[in-house]
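S.K.: Show me how the following folds:
(chains A and B)
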Amino acid sequence: MLANQVGCGFAPYRLSGTVYGVLLNHAPALAALGDAVNAAPYKAAPKAPVLYVKPRNTLALPGSSCELPAGVDALQIGANLGMVIGRTACRVSAQDAAACVAGYVVVNDLSVPHESFYRPSVRLKALDGSCVIGPAVAKERVRDPAAQEVRVFVDGALVQRTDTADRLRSWAKLLAEVTDFMTLSPGDILLLGTSHGAPSARAGQRVAIEIEGVGRLEHTLVATGAAHDHPMEPHA
Amino acid sequence: MKRARVAYSGAIHDATPHKQGLQLADGRVVAEDAVVWLAPFDVGTIIALGLNYADHAKELSFGKQEEPLVFLKGPGAVIGHRGQTRRPKDATFMHYECELAVVIGAPGKHIAKADAMRHVAGYTVANDYAIRDYLENWYRPNARVKNRDGGTVLGPWFVDAADIAAPVHLNLRTLVNGKQTQSGNTRDLVHDIPSLIEYVSGFMTLNPGDVILTGTPEGVVNVNAGDEVVTEIEGIGRLVNTIVDDTAFGR
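M.R.: Take a look at the predicted model:
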């Protein structure tokens, strides 16, 4: 799936950039780890935002099918509010962060569930089609990005009700800390972080995520080999 | 064939080596230091390897690996030959990593080791900096260590795969201010190029422009502002970078 095929709904931005996720930004998610954060292998709570990349092979449109890898029963649904970067963001202060955001988007950051956050394999986060993006709205449509209800449905049943509040770093603070050492460019997306208690879904199930004020994203999960494969052979 | 991408006289050009420096596609011959060197290809997903030389793994006290230690980087980290990389003033251990960069030319998923080299378009030199002061034990190696603006230097040349015999056994080394500090040979990769392509494409589709940074051998030492760091790979190129301090960036 080519990222530039993902229309963003507001000119001139198209989702053509890099998607960065942040782990444990929901205060209850970090709290749930309890004293484990001070024990090996972590030895201390995270200081800087714990970031990861969702590479371009993961980017997918609403309505797409994400294929589970062999031997995996379910994927974790990472319902996220994504901030679409509208102008180059380098060393942005939290006060000025809003000027760098073009809009907001619903993102499902799918992962193979993993217990250890020390050095998990990239294959748990970088499956083809595991970052489903859309719909998006211009930022003026969302009055307070820190106060939006988030609902996750699997086969029509509500499985998680959460919101975009209670972040260790607000969207503005996150943008400030990230851009202190990493410039974000127009079209890049920075995720606000998955809420604690992320549900999962199995092959054959339909997933929907609704974020108040932004929209509803739907897609499906399919079994290994079920997504119609068109292996591309090198011509050279 | 070797190709570069450079900015010169108001435009971006493809260029090839010339005895007086380099020759632009439009015929002009210019000195190496008269152009701004860009990454020599359109950079897609950056797939980096940690601890892929046994000696370097030992140097950092790591044991046997269950699977290759892969991490991903964003395109904002990339700069070209003769660029500057910032060393923050609170850093005490910032080090280079000389790595062979393998550029994908043909897309593929579930690529078998035996077919892997057919998916390689070519090679370049990478110098992938790390600042160890910022190391945390969450999603290692964490972004503040390894995904910094200007921390991934690529170039100078993109070298066609056809020009390098497989298996790819090349000497590589790093010189800091002219003194050799690191050396190795890609024959000592824990996971060789075909194995890495098979492994990575086992869970993610590789696309043209995706690049695998194959890891670095032992011999990483701290570098300071003002140091010239040259990472060099036999037959691929000699990549120059300069360390600057915060003041160069108005900090």
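
S.K.: and the gap between whatever residue of chain B ends up closest to chain A and B:Leu213?
M.R.: Closest contact between chain B and chain A, by CB to the nearest CB, is at B:Ala106 (3.0 Å). Where you see a C-beta, it was placed from the backbone N, CA and C, and this is true even at glycine. In this view, B:Ala106 and B:Leu213 are 19 Å apart by CB to CB, to the nearest Å.

S.K.: again, but for A:Ala44
M.R.: From A:Ala44 to B:Leu213 the distance is 28 Å (CB to CB).

S.K.: before we move on, the earlier item: for burial, what's the neighbour tally of the residue of chain B closest to chain A?
M.R.: 18 (other CB atoms under 10 Å in any protein chain shown).

S.K.: A:Leu75 too?
M.R.: By other CB under 10 Å, 25 other residues sit near A:Leu75.

S.K.: wouldn't it be in contact with A:Leu110 here?
M.R.: Yes - because the distance of 4.6 Å satisfies CB atoms under 8 Å, A:Leu75 is recorded as touching A:Leu110.

S.K.: Kindly report the residues of the stretch 51-200 of chain B close to chain A.
M.R.: Residues of the stretch 51-200 of chain B lying close to chain A (CB under 8 Å from any CB of the partner chain) are B:67, B:69-77, B:105-110, B:118-119, B:121, B:134, B:136-140, B:142-144, B:147-149.

S.K.: Which parts of chain A are helices?
M.R.: With helices called from DSSP state H, chain A shows them at A:27-31, A:171-179.

S.K.: Identify the residues contacting the longest one?
M.R.: It refers to helix A:171-179. A:20, A:22, A:25, A:48-49, A:51, A:81, A:83, A:89-95, A:97-98, A:100-101, A:145-146, A:167, A:169, A:184, A:190, A:192 (CB atoms under 8 Å, 6 or more residues apart in numbering or on different chains).

S.K.: Ok, stretch B:76-86 next?
M.R.: Residues contacting stretch B:76-86 (CB under 8 Å, 6+ apart): A:18, A:182-185, B:4-5, B:32-33, B:36-40, B:43, B:46, B:129, B:147-156, B:237, B:239-246, B:248-249.

S.K.: Can you pick out the residue with more neighbours from A:Ala44 and B:Leu213?
M.R.: The neighbour comparison of A:Ala44 against B:Leu213 (other CB under 10 Å) goes to B:Leu213, with 25 against 11.

S.K.: Find the residue at the geometric middle of chain B.
M.R.: B:Ala126 (1.5 Å; CA atoms, centre = their mean).

S.K.: Which strand residues bridge it?
M.R.: B:Glu99, B:Leu154 (DSSP bridges).

S.K.: In terms of pLDDT, where does B:Asp55 sit?
M.R.: Among the per-residue scores, B:Asp55 holds a pLDDT of 80.

S.K.: again but with B:Leu51, I slipped
M.R.: For B:Leu51, the predicted pLDDT is 89.

S.K.: low-confidence ranges in the chain?
M.R.: Chain wasn't specified; assuming chain A. Judged by pLDDT under 70, chain A has its weakly predicted residues at A:1-15, A:227-236.

S.K.: my bad, the chain I had in mind was chain B
M.R.: Under the criterion pLDDT under 70, the flagged ranges of chain B are B:57-65.

S.K.: Just name whatever secondary elements the lengthiest helix in chain B is in contact with.
M.R.: The residue-count maximum for a helix in chain B (DSSP H) belongs to helix B:193-201. The contact analysis (3 or more CB pairs under 8 Å, 6 or more residues apart in numbering or on different chains; DSSP states H and E) places helix B:193-201 against strand B:98-104, strand B:211-213.

S.K.: Nearest approach to A:His196 belongs to which of those?
M.R.: strand B:211-213 (34.3 Å; CB to CB).
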